[in-house]
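1. Can you look at this prediction? I've put the sequence above it.
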Amino acid sequence: MLAQTSKHSTYVQFTVVHAGLYRNSDRFRFPMRAIAMIAGLVAGLLGVVVGAAPKPHILMVIVDDFGFANTGYHRQNASTPEVSTPAMDGLVEEGILLMRHYVHPECTPSRVAFQTGRLPMHSGQPGLCSPTSVDCGIPYNATTIATKLASVGYKTHHVGKWDAGMATPTHTPVGRGFQSSLNYFGHGNYQWSETEWGGAGSANKVPDPTQNPALIRDLWDSHKPAYIQANASYDNKIYEESLFLERMTAILADHNPSDPLFLNYCARIAHYPIQAPAEYQKRPNIASIDVPHRLVYHAQIEYLDDQLGNLTNIFKTRGMWDNTLMILTSDNGGYTKALGECTEFDPVKGVTCMSGEAGANNYPLRGGKYSFFEGGIRSNSFVSGGFLPSAVRGTTLHGVLHIADHYATFCGLAGVDVTDPSGDATGIPPVDSLDMWPMISGQNLTSPRAELFISTSCLIQGDWKLLTGFVSSASWPGPIYPNASSSDNYLSMYTAKCNPGCLYNVGVDGDMTEHNDLATAEPTRLQAMLQRLSELVEWTNKSTPYDASCQKGNTVFHNVYKGFYGPFCEIGTLPPTPSRPTPPYHPTPNKSCTYRSNSGLRPVNLLARTSATSETDCCKQCISNPRCTNAVFQNWYPEERRTCNMHSFTAAPGTFAVQINSTVCLTGRPV
């Protein structure tokens, strides 16, 4: 092999027998069994004549909870680099840095938007959901991007996080047009056992499935639980991301380069619980970090950088890179919550942080994950690959685009119709996606997206951005965040009150850090955008729960799948039931308004959060929102911070607000 040095780092160029792996003994130890597999597969392909595919190969990379400031290319002016990302830096230098690529501030809505080409407020999934819910994920009859591409000859494969539903086999990646998948269904799992995480406040602090038989494991291989891979991960201490690279290596080795490829890689990094191999945590630039959450987070990112270096080098070795379009984006901003619990150092796993959701940094942007400030929705993103015209390589693009827009962009490049008659016929709002290739390729630097309906409380029109109600994580991090002071001073502590609205110019020559509220200076624009937002809210929607023959999830997970997640409807001896058509979305007259107090269950499916002065005021606001069925008036807050949380869910008898002194308003509307 030959060593080749660039200004970023040392790349090790293997001979073709070693598949051109990106490897540096000081940076990364690639699994030897994967190297052996690659070597054998590539050696068997030496005689194949590699030709250019008539359509571009598409490599879509979605990184989980990726902080805006957690890469080298966004830290060039920082006093300390803290994290080294030579592979991604190189891809940006050879590609396009996207400065206004928008997503939802939560995982599920962004992923469903990408798959369906619909904005989260139209996709049927405007908020987080659990894969164990029958109404979680992509609407049953929606046509996904994988289905579109497969219809014109693409070979389609999904690797990594799914988080777009699993109620029926149709809800899984293979049911959504992918020819194979190695995926997990939920938000996050433990990377050396694939045990379900359960959430930031979860009592599941035991990643070892042998210590608690009730714990569910989450890894799926196309049509069945991934027993072999999950058990190998646990027994042989194999990091989950290594399993993903091994699968992608096999996909690329088996692929005929003359066929167009769509590889959807959704990294497990960097969602909670945060874990990285000990050897990465012990790197000198990482080990010196004084906050364990930031240390482990940056160790993960350096692992991801090596992962992408290896993956793109395999594309190059197969002769595919020159005809590949690569898109990388986060699904939302990096998390900015309190510093939670971390473990002691393990010789293999290093430190694991399993609660709190802290470690990322979105500097200089305001806010982070769960917030509609730019730090939550302006994603860390770039385009790269040899398919890009040479004239746009090494440039920065400030045009507005949304993760849903890749649907139309990919359809346009593949030569397939972007419309979705199947989804439209069931009442799902039509595809929102716009073809961004003319802007990306440099034909036209003006974005076709003049308006972006982010949520019921957030609207973007060109350079201008409107926020309404209470907006979370209303503060700014510094270049080094979280730090020693973050234990009692973290971003999610702060809330901004935008009543009737906050107005910012977030364009290239404006205020992307959202320090200057221009609502008072621009009253005409403010009122126009408020009016437009109220019109758009009329046409938001939530998926109708899948109406099928379903079994109890836990029974299926333990008895059918032997302790793993998987579909629990339309399986076994139960006959399938056709999906119930989704009704058109329009305001529903209020039937009643009753109140319940004290503690109990928190309503789910948050539509909007606004300020309110009383439970009556909150209920009136719920009635005025066409999709609101229930609202929670949180009068336990100080008077200036009292909120009305509007939801869309079916309220069971005895449903109460979660906090004492909160009130649930029930409108009586159907979901």
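-> Structure received.
2. Against which helices or strands is the helix or strand hosting Ala146 packed?
-> Using DSSP states H and E, the element containing Ala146 is helix 145-150. Other elements packing on helix 145-150 under the criterion 3 or more C-beta pairs under 8 Å, 6 or more residues apart in numbering; DSSP states H and E are helix 107-116, strand 155-161, strand 261-266, helix 405-414. Where C-beta positions appear, they are placed from N, C-alpha and C, glycine not excepted.
3. Going by neighbour count, which residues in it are buried?
-> Neighbour-count burial for helix 145-150, with 16 or more other C-beta atoms under 10 Å as criterion, is recorded at Ile145, Ala146, Thr147, Lys148, Leu149, Ala150.
4. of those residues, closest to Gly399?
-> Nearest to Gly399 among the buried residues of helix 145-150: Ile145, at 20.9 Å, using C-beta to C-beta.
5. pLDDT score for Pro587?
-> For Pro587, the model assigns a pLDDT of 37.
6. Kindly report the same for Thr10.
-> On the pLDDT scale, Thr10 gets 31.
7. got it, and Asn489?
-> 88.
8. Kindly report the same for Ile571.
-> Reported pLDDT for Ile571: 89.
9. Could you do Thr343 as well?
-> 89.
10. so how many other residues sit close to it?
-> 17 (other C-beta atoms under 10 Å).
11. and it, how far is that from Lys349?
-> Counting by C-beta to C-beta, to the nearest Å, the gap from Thr343 to Lys349 is 8 Å.
12. go on, Ser441?
-> Distance from Ser441 to Lys349, by C-beta to C-beta: 44 Å.
13. The two: who's more crowded?
-> Legend: neighbour count by other C-beta under 10 Å for Ser441 and Lys349, higher for Lys349 (20 against 17).
14. contacting residues around that one?
-> Counting by C-beta atoms under 8 Å, 6 or more residues apart in numbering, Lys349 touches Trp192, Lys237, Gln275, Pro277, Ala278.
15. ok, those residues vs Pro482, which is closest?
-> Minimum distance to Pro482 across the contacts of Lys349 is 17.5 Å, recorded for Gln275 (C-beta to C-beta).
16. For that closest one, give me the pLDDT.
-> 95.
17. give me every residue that touches it.
-> Contacts for Gln275 were tallied using C-beta under 8 Å, 6+ apart; they are Tyr190, Gln191, Trp192, Tyr239, Val296, Gln300, Lys349, Gly350, Thr352.
18. Under the pLDDT cut-off, which ranges of the protein? List them.
-> Low-confidence segments of the chain, defined by pLDDT under 70: 1-53, 78-79, 199-207, 209-210, 541-548, 573-607, 624, 626-627, 634-641, 648-671.
19. how about the CA coordinates for stretch 92-107, as CSV?
-> What follows is stretch 92-107, C-alpha atoms only, in CSV (Å, rounded to 0.1, in the frame of the first residue of the first chain):
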residue,chain,number,x,y,z
VAL,A,92,-16.9,19.7,1.3
GLU,A,93,-13.8,21.1,-0.5
GLU,A,94,-14.7,19.0,-3.5
GLY,A,95,-18.4,19.7,-3.1
ILE,A,96,-20.9,22.3,-2.0
LEU,A,97,-21.4,23.5,1.5
LEU,A,98,-25.2,24.0,2.1
MET,A,99,-25.8,26.9,4.5
ARG,A,100,-29.6,27.0,4.4
HIS,A,101,-30.6,23.3,4.3
TYR,A,102,-33.6,23.0,6.6
VAL,A,103,-35.1,20.0,8.5
HIS,A,104,-37.6,19.5,11.4
PRO,A,105,-36.2,19.9,14.9
GLU,A,106,-37.0,16.2,15.6
CYS,A,107,-35.9,12.9,14.1
